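1. turn this into a model:
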Amino acid sequence: MKIFYLTIGGISLVLGLIGIVLPVLPTTPFLLLTSFCFSKGSKRFHHWFTNTSLYKKHLDDFVKNRSMSLKTKISLLATASTMLLFPLILINHMVMRIFIIFLYIFKYYYFVFKIKTI
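-> Numbers count the residues shown, from 1 in each chain. Coordinates of the predicted model:
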């Protein structure tokens, strides 16, 4: 099971690094997944990851204080909203459209009311 967590953590780390350069991929969720997987897979990997500047720049405030900068919030919301817009437009199934609209509402509620802005 540790190999599974380390593999998923490595993949999410690569996707998070790509997300720094490409605005299409959100960085923070992938790095959060990396942190979770590395903590389950290996104490050594988790310790290494939490001491990198990448972690400190993108995740440290969120993990410690459950807060994000306004720029980070807007970036995440814009990227996720754009990605959810494609299936909302392309899918003709009403139940799926309602589910996606629910995701929009939940996502904005969570970011506005549950995560502090610094």
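
2. what's the helix or strand hosting residue 5 packed up against?
-> Using DSSP states H and E, residue 5 sits within helix 2-21. For helix 2-21, the elements it packs on are helix 27-41, helix 43-50, helix 53-58, judged by 3 or more CB pairs under 8 Å, 6 or more residues apart in numbering; DSSP states H and E. Bear in mind the C-beta positions are built from the backbone N, C-alpha and C, glycine included.

3. just say which of those is most tucked in.
-> Ranked by mean neighbour count, the helices and strands packed on helix 2-21 are led by helix 27-41 with a mean of 20 (mean count of other CB atoms under 10 Å).

4. ok, and what's touching it?
-> 1-6, 8-10, 12-13, 15-16, 19-20, 45-46, 48-50, 54-55, 58-59, 62-63, 68, 72, 76 (CB atoms under 8 Å, 6 or more residues apart in numbering).

5. stretch 42-49 too?
-> Under CB under 8 Å, 6+ apart, the answer for stretch 42-49 is 2, 5-6, 9, 13, 34-35, 38-39, 55.

6. switch to 10 Å and redo it
-> 2-3, 5-6, 9-10, 13, 31, 34-40, 55, 59 (CB atoms under 10 Å, 6 or more residues apart in numbering).

7. now residue 116. Nearest residue, chain neighbours left out?
-> Using CB to CB, 6 or more residues apart in numbering and skipping the chain neighbours, the partner closest in space to residue 116 is residue 67 (3.8 Å).
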